[in-house]
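K.L.:
I'll drop the sequence and a predicted model, then ask my questions.
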Amino acid sequence: QKELEKYFSVVELDAEYVRLRTIKSQEEIDWLRIGAAFSDAGFESLLRGTAPGMTERELGNLVERAYVGEGGTTLIHYIGVTSMAQPQLFVPPQFHSARRVQRGDVVFCELSGVWWDYAGQVLRSFTVEADPTPLYRDLHAAAEAAFDAVTAAVRHGTTMQEIVDAAGVIEERGFTVCDDLMHGFGGGYFQPIVGTKSRPAGPLPDMTLEDNMTLVVQPNVISRDSPAGVQVGELIRVTRDGFERLHAAPRGFFRA
């Protein structure tokens, strides 16, 4: 750059480029829908195929087989497996182990299938051959309530404080989170990056939501007293008057 400045006027575009990336064109949104469809297919394959005796590595293979043959690639497939009766894990690891699935486990995941550089992101949880324990039932209910409250607040012009306030149901129910509550997504990890009252993600960004921002809303609720948690959320598009789902994966606390 210093050499270029000897002959040219160099204009820094870093901030403007990032701003442009946060607002998606219609063409980008169309490709994000494909990434979302791949992610949904990965989750459907995981839910249908999970059975006692399988390793976490085999679960990861279930996810990829759902879309690789259709031209998709993988950004992430984080998959956590732990006992609901004696949980040892509250966030899905980034690398799969040889641990085998057992009856009474909970499986929770964050999946992003990609179409070129455009990924979806779907976060879901399910049990294995057992109903949820009371703790996991309450964790998941709090996460779903927070997702509904946050997305109900989403629209062009929403402030960051409105998002934090909407997620207050998590703390009201005695829980907290293990990750950012919301972040920009699609071709990168962008602002607005927002946490919750009990787990801030730093100072609130000085901005409001804008039409055609694409965001992941992910109230990944965890217990304050034990290593137990769930994954809930997905990629959405901000509209003038609300939000649009980019995913078709059903919501809920499923059973394999």
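P.N.:
The structure has been received and is ready for your questions. Numbering: from 1, shown residues only.
K.L.:
quick check: residue 137 is in a helix.
P.N.:
Yes - when the secondary structure is assigned by DSSP: H, G, I helix; E, B strand; the rest coil, residue 137 falls within a helix.
K.L.:
surely it meets residue 228?
P.N.:
No - using CB atoms under 8 Å as the test, residue 137 is too far from residue 228 to be in contact (11.3 Å). To be clear about C-beta, it is placed using only N, CA and C from the backbone, and glycine gets the same treatment.
K.L.:
residue boundaries of the strands in the stretch 151-256 of the chain?
P.N.:
Taking DSSP state E, counting those that start in this stretch to define them, one finds strands in the stretch 151-256 of the chain at 176-177, 182-185, 189-194, 214-217, 221-222, 233-238, 243-245, 253-255.
K.L.:
so which of these comes closest to residue 24?
P.N.:
Nearest of the strands of the stretch 151-256 of the chain to residue 24, taken as CB to CB: strand 214-217 at 5.4 Å.
K.L.:
and the closest one, how far out from the chain middle?
P.N.:
Offset of strand 214-217 from its chain centre (CA atoms, centre = their mean, to the nearest Å): 8 Å.
K.L.:
can you tell me what sits against the lowest-mean-pLDDT helix or strand in the chain?
P.N.:
Lowest mean confidence among the helices and strands of the chain (mean pLDDT, DSSP states H and E): helix 2-5, at a mean of 81. Helix 2-5 is contacted from outside by residue 10, using CB atoms under 8 Å, 6 or more residues apart in numbering.
K.L.:
between the helix or strand that it is followed by and strand 189-194, how many degrees?
P.N.:
Remark: after helix 2-5, the chain's next helix or strand is helix 14-22, criterion DSSP states H and E. Angle between the axes of helix 14-22 and strand 189-194 is 80 degrees (criterion: axes from the mean of the first three to the mean of the last three CA atoms, to 10 degrees).
K.L.:
output the contacting helices and strands for helix 14-22.
P.N.:
Where contact means 3 or more CB pairs under 8 Å, 6 or more residues apart in numbering; DSSP states H and E, helix 14-22 is packed against strand 189-194.
K.L.:
the strand it packs on: which residues count as buried?
P.N.:
190, 192-194 (16 or more other CB atoms under 10 Å).
K.L.:
what of stretch 6-15?
P.N.:
Buried residues in stretch 6-15, counting neighbours by 16+ other CB under 10 Å, are absent.
K.L.:
can you measure across it, start residue to end residue?
P.N.:
Taking CA to CA, to the nearest Å, stretch 6-15 runs 23 Å from one end to the other.
K.L.:
same question for stretch 99-117.
P.N.:
Stretch 99-117 stretches 32 Å from its first residue to its last (CA to CA).
K.L.:
picking up where we left off before, more neighbours, residue 137 and residue 228?
P.N.:
Shown here are residue 137 and residue 228; by other CB atoms under 10 Å, residue 228 has more neighbours (24 against 15).
K.L.:
quick check: the more buried one touching residue 222?
P.N.:
Yes - if you go by CB under 8 Å, residue 228 and residue 222 touch, sitting 6.7 Å apart.
K.L.:
columns pLDDT and distance to residue 239 on top of the buried residues of strand 189-194, output as TSV?
P.N.:
Formatted as TSV, the buried residues of strand 189-194 follow (pLDDT from 0 to 100; distance: CB to CB, whole Å):
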residue	pLDDT	distance to residue 239
190	96	18
192	98	16
193	98	21
194	99	19
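K.L.:
which one of those residues is nearest residue 248?
P.N.:
residue 190 (23.7 Å).
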